[in-house]
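S.K.: below are the sequence and a predicted model; questions follow.
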Amino acid sequence: MKNVLSNQDRGYLLTEQTNPDSQNLDQLSALEIVELFNREDARAVEAVGQQKNEIALAIDLIAEAIACGGRLFYIGAGTSGRLGVLDAAECPPTFCSDPELIQGILAGGMAAMVRSSEALEDRASDGAKAIADQNIDKLDVVFGITAGGTTPYVHGALQAAQQRGAKTVFFCCVPPEQLPMQYDIEIRPLVGAEILTGSTRLKAGTATKLVLNTVSTGVMVKLGKVYGNRMIDVSVTNTKLADRAVRIISDLTTLSREQSAELLKKSGNKVKLALLMHWRQVNAETASQMLQDHQGHLGKLIKS
């Protein structure tokens, strides 16, 4: 791997190659540009679908780790790192999960979310230090994201995580023959050359977002944060989410909107608890204990 990463000519990588379908990009009308992007974006979706088995393995690995007390860390630089931070940040409001459970680590820190600091991706030692700073151990999973596959910051982090006994997931958009790696799970959607040569914030970025959406949501489903297709652990922190919580209760029960709102209030704004209180006709304390006895899985509790 060191020889591959030290090779300064990365033109052989799939993500750095020139797309023959966009060679006249600068001559296209606005509508033709939109149509070209739409066709190419469809390839990103298809490429992600071809990695379904690897993505499913990642979901199971991460869900098991979290259930055993571990954490998930996304780590990356530039667009890849920003997408990891974004996905991690969206989990607490959607699933009422502890912010410590899924975290994003970005080269350059939070300042790099809004101001480019791409040079920092070349520091493998910084990636290793980030792993040490988070006290990552054998219970955790580190999910490295690097569209082109060569980012030293990410590999430094993944190798440090391996040394600490953590499980590792590697995401890139180049095939193994171009960049052989040795991580626990490797997700490689081959989206092909970008419309704008080398601009991996495009199809590769789209594929990254699709994979992270699937992984984090799939993990939360496995952890009992979903009933049917409803986010029953939604964090009721604003009027939109309060309305959603009331509608979930009303839709899943025979209660009116007003009755659902009152039940939600009695549950302490916890949809999952409110549903169990109604279905089993118990108070909040009893319902909470029942959920605890079933590791928070409402579906398993109802079917038991």
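M.R.: Sure, I can see it. Numbering: from 1, shown residues only.
S.K.: ok, the residue lying closest to residue 242 once chain neighbours are set aside - contacts?
M.R.: Leaving aside its chain neighbours, residue 242 sits nearest to residue 236 (5.1 Å; criterion: CB to CB, 6 or more residues apart in numbering). In this view, the C-beta of every residue, glycine as well, is placed from N, C-alpha and C. Residue 236 is in contact with 242, 245, 264, 269, 271, counting by CB atoms under 8 Å, 6 or more residues apart in numbering.
S.K.: pretty sure the second one is touching residue 267, no?
M.R.: No: distance between residue 245 and residue 267: 9.5 Å, which falls outside the contact criterion (CB atoms under 8 Å).
S.K.: show me where this structure has its helices.
M.R.: Using DSSP state H, the helices of the chain run over 2-6, 30-49, 52-67, 78-95, 124-133, 152-163, 203-222, 239-252, 257-266, 271-280, 284-293, 298-303.
S.K.: counting contacts, what elements does the fourth one pack onto?
M.R.: This means helix 78-95. strand 72-76, strand 102-106, strand 141-145, helix 203-222 (3 or more CB pairs under 8 Å, 6 or more residues apart in numbering; DSSP states H and E).
S.K.: can you tell me which of the ones you listed is most buried?
M.R.: Greatest average neighbour count among the helices and strands packed on helix 78-95 goes to strand 141-145 (a mean of 30), per mean count of other CB atoms under 10 Å.
S.K.: helices and strands around that strand, which ones?
M.R.: The contact analysis (3+ CB pairs under 8 Å, 6+ apart) places strand 141-145 against helix 52-67, strand 72-76, helix 78-95, helix 152-163, strand 167-171, helix 203-222.
S.K.: can I get the longest one in PDB? Just the C-alpha atoms.
M.R.: What that stands for is helix 203-222. Presented in PDB, the C-alpha positions along helix 203-222 are these (Å, rounded to 0.1, in the frame of the first residue of the first chain):
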ATOM      1  CA  LYS A 203     -20.700  11.200  -8.800                       C
ATOM      2  CA  ALA A 204     -18.400   9.900  -6.200                       C
ATOM      3  CA  GLY A 205     -19.900  12.400  -3.700                       C
ATOM      4  CA  THR A 206     -23.400  11.300  -4.700                       C
ATOM      5  CA  ALA A 207     -22.400   7.700  -4.100                       C
ATOM      6  CA  THR A 208     -20.900   8.500  -0.800                       C
ATOM      7  CA  LYS A 209     -24.100  10.200   0.400                       C
ATOM      8  CA  LEU A 210     -26.200   7.300  -0.800                       C
ATOM      9  CA  VAL A 211     -24.000   4.700   1.000                       C
ATOM     10  CA  LEU A 212     -23.800   6.700   4.300                       C
ATOM     11  CA  ASN A 213     -27.600   7.300   4.200                       C
ATOM     12  CA  THR A 214     -28.200   3.600   3.800                       C
ATOM     13  CA  VAL A 215     -25.600   2.500   6.400                       C
ATOM     14  CA  SER A 216     -26.700   4.900   9.200                       C
ATOM     15  CA  THR A 217     -30.400   4.300   8.600                       C
ATOM     16  CA  GLY A 218     -29.900   0.500   8.400                       C
ATOM     17  CA  VAL A 219     -28.000   0.500  11.600                       C
ATOM     18  CA  MET A 220     -30.700   2.500  13.400                       C
ATOM     19  CA  VAL A 221     -33.300   0.100  12.100                       C
ATOM     20  CA  LYS A 222     -31.300  -2.800  13.500                       C
END
